[in-house]
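J.: Based on what follows, work out the 3D shape:
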Amino acid sequence: MHANTHHRFLGRTQAPAEPGEIRRIERWLATARVFLAVSALAAIYMDPTQLGHAPVAYGLLGTYLIHGVMVITLLRRRKQSTVAFRLLVHAADIVWPAFISVFAEGPRSPFFLFFFFVLAAAAYRWGLWETLATAAAEVVLLWMESLVVLHVWATRGKSLPWHALAGLQINVSEFEPKRLFMLSVYLLVMGLLLGYLAEQQKRLRAEKAIVTSMLAKVRVEAGLTGTLQQISRQIVAMYGSPRLLVASQEIHSHRIFLGELRSGDEAASEFTWLTSSPRGARIYLEDFPGEVCYARRERERWSLIALDREGNPAPFPSSEPIVRLRERQAFQSVIAISFIFGSEWRGRVFVFDPSWQGETQEELRFLLDLFRQVGPAIYNVYLLHRLRRRAGAAERARVARELHDGAVQSLIAVEMQVDVLRRQAETTPKVVGAELDRIQGLLREEVLKLRELMQQMKSIDVDGRRFLSVVRDAVERFQRETGISARFVTDAEKLEMPDKVCREFLRIVQEGLVNVRKHSKARHALVRLSSNSSEWCLTMEDDGKGFPFSGRLSHDELDQMGKGPTIIKERVRLIEGGLTVESNPGVGARLEIKVPRGGEVSDEL
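T.: You can find the predicted model right below:
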């Protein structure tokens, strides 16, 4: 059904099997063939009368067993099973039952299982038409055997001149036309039944493959339009439709959106959004019968089939919506499938002038099931993109607020001070130098704030291999930009730390260094990372003025007292770690974070 991976042959849906799957099927059939041969030998061992007394009869079954073992051996040694190899093995399977039936008291003996096996193998490999062809080939071989038995065997006194065939007993009555006719009917009916069951199984397999293929095209990075384009292309190719139309309405605002894709090559078949007025809602969305319907124009009237949500035929469907739709869109037949996404969107997909050779209601049920499975995935793409847009807007608002409250206000103050200095330069030039030094310090401070803000906005991609070097670079950059002496010390040469823990540790180091610069007035800072068999330990200490308390407080004590670095406390909690803060006002402060090995980062942030 799909242009590349699915197609129709003689009116049926097919999904081509992978080479590995074909090889497994052939190995299963080869195993069954050997089991059948061993079972047949066991049967004649318990009841030798089934094969007469000719040595060639036993030799034939033994040869069949050897044939089965050779096929298994070849399949185990070959990397793939070719079409020619499968056809050759199947041709041999067709011939064997005909020969064995001659030596086994006729084709209606217990060895009739050989006929059943070759029909089951054809159904398992292919489908209806191949199984019927196999049954027809078996019938032709049996009638050829009947001619030989009735005209050659009987004319020679029911004996053959070759010594190897001495003692061979053939039940001539089993090959009479009346009995053989009934056996032929049995074989054809059995081939029809097995082929039909195989066809239905392959149809279900193909439909599942189509659903899987469409779900694989639902990609967040492609966006909503890209996802709709990929899925629409597959539906258009699946039904040979010249174009597809998606009509959707935002329930709260009642806005109508129309998207269209026309068939063609990959470059031409682009999904495009069309303009539509609110009056088009009734034409595209209202009054359509059932959840899915198919309409076809036959001369001057419409033939209409509609199914409800459960896949049952809708009673007395009206063709008026189809007539109104045809006033806007030119078509001879159309499939309309409705969808609802949460409480926000509703819509309908129109596939114009589709073609297929299956039963219409079954095809509509498949489309109903297809949209039920693919629709929520598309809706998730929409929700995720909407969430990303909101998160981006919130982040932009935060950055704007930071710039407005920080850098912008400071730059305005600097501009005002420069204007004052310009006026004072003529009267009190001695004051200008000191004021310029102060303004220069203020600008340096704002540059550092902007760099810190940019650093916080950067996405972090760090793992255990890069963590030590990234932290070392961050500490060295802090020393260069602030003039505060800072070192990073660690006893770990190779760090096996989860990526999420690495990212949070890096953010904690960055936040801690920002706090040292802003609040501590320290001259020295030290970052240390150590580890043992049970935990990782990150410590940060400085010789600044410390926190507004004295002593050593745990994470819970800090929360109860409302003290300590808030952002660092939250990040420590995300990695299920423990925080201890030791403060000596006027002497310095020390933060110690311990994270047990095996702990995980929460998804909250």
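
J.: C-alpha from now on. contacts and neighbour counts both.
T.: Noted.

J.: so what's Val572 scoring on pLDDT?
T.: For Val572, the model assigns a pLDDT of 90.

J.: Show me where the stretch 451-600 of the chain has its strands.
T.: Secondary structure of the stretch 451-600 of the chain (DSSP state E, counting those that start in this stretch): strands at 485-490, 524-531, 535-542, 551-554, 578-584, 588-596.

J.: want to try CSV for those strands, with distance to Arg296, mean pLDDT and mean neighbour count as columns?
T.: CSV is the format used below for these (distance: least, C-alpha to C-alpha, whole Å; pLDDT from 0 to 100; neighbours: other C-alpha atoms under 10 Å):
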stretch, distance to Arg296, mean pLDDT, mean neighbour count
strand 485-490, 76, 92, 16
strand 524-531, 73, 92, 18
strand 535-542, 70, 92, 20
strand 551-554, 76, 90, 15
strand 578-584, 70, 92, 21
strand 588-596, 68, 92, 20
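
J.: residues in contact with stretch 581-589?
T.: With contact meaning C-alpha atoms under 8 Å, 6 or more residues apart in numbering, stretch 581-589 is reached by 520, 522, 541-555, 564, 590-592.

J.: again with stretch 212-230
T.: Ile231, Gln234, Leu261, Glu270, Phe271, Val374, Ala377, Ile378, Val381, Tyr382, Leu384, His385.

J.: circling back to that earlier point, out of the strands of the stretch 451-600 of the chain, which gets nearest to Phe35?
T.: strand 588-596 (57.0 Å; C-alpha to C-alpha).

J.: relative to strand 535-542, how tilted is that closest one?
T.: 170 degrees (axes from the mean of the first three to the mean of the last three C-alpha atoms, to 10 degrees).

J.: strands paired with strand 588-596, and their directions?
T.: For strand 588-596, the paired strands and their directions (DSSP bridges) are strand 535-542 (antiparallel), strand 578-584 (antiparallel).

J.: Now render those strands as a markdown table, adding distance to Glu435.
T.: A markdown table is the format used below for the strands paired with strand 588-596 (distance: least, C-alpha to C-alpha, whole Å):
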| stretch | distance to Glu435 |
| --- | --- |
| strand 535-542 | 31 |
| strand 578-584 | 35 |
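
J.: Please report the distance of Gly375 from Leu141.
T.: Remark: distance between Gly375 and Leu141 (C-alpha to C-alpha, to the nearest Å) = 53 Å.

J.: Check which helices and strands the lengthiest helix in the chain is in contact with.
T.: Using DSSP state H to define each element, the chain has its longest helix at helix 360-403. Packing contacts for helix 360-403, counted by 3 or more C-alpha pairs under 8 Å, 6 or more residues apart in numbering; DSSP states H and E, involve helix 177-216, helix 223-239, strand 292-298, strand 301-307, strand 333-341.

J.: Between strand 333-341 and it, find me the angle.
T.: Using the same axes, to 10 degrees, helix 360-403 lies at 40 degrees relative to strand 333-341.

J.: pLDDT averaged over helix 360-403 - what is it?
T.: 80.

J.: Which strand or helix spans Val38?
T.: Val38 is part of helix 19-46 when elements are defined by DSSP states H and E.

J.: what about that helix, average pLDDT?
T.: 81.
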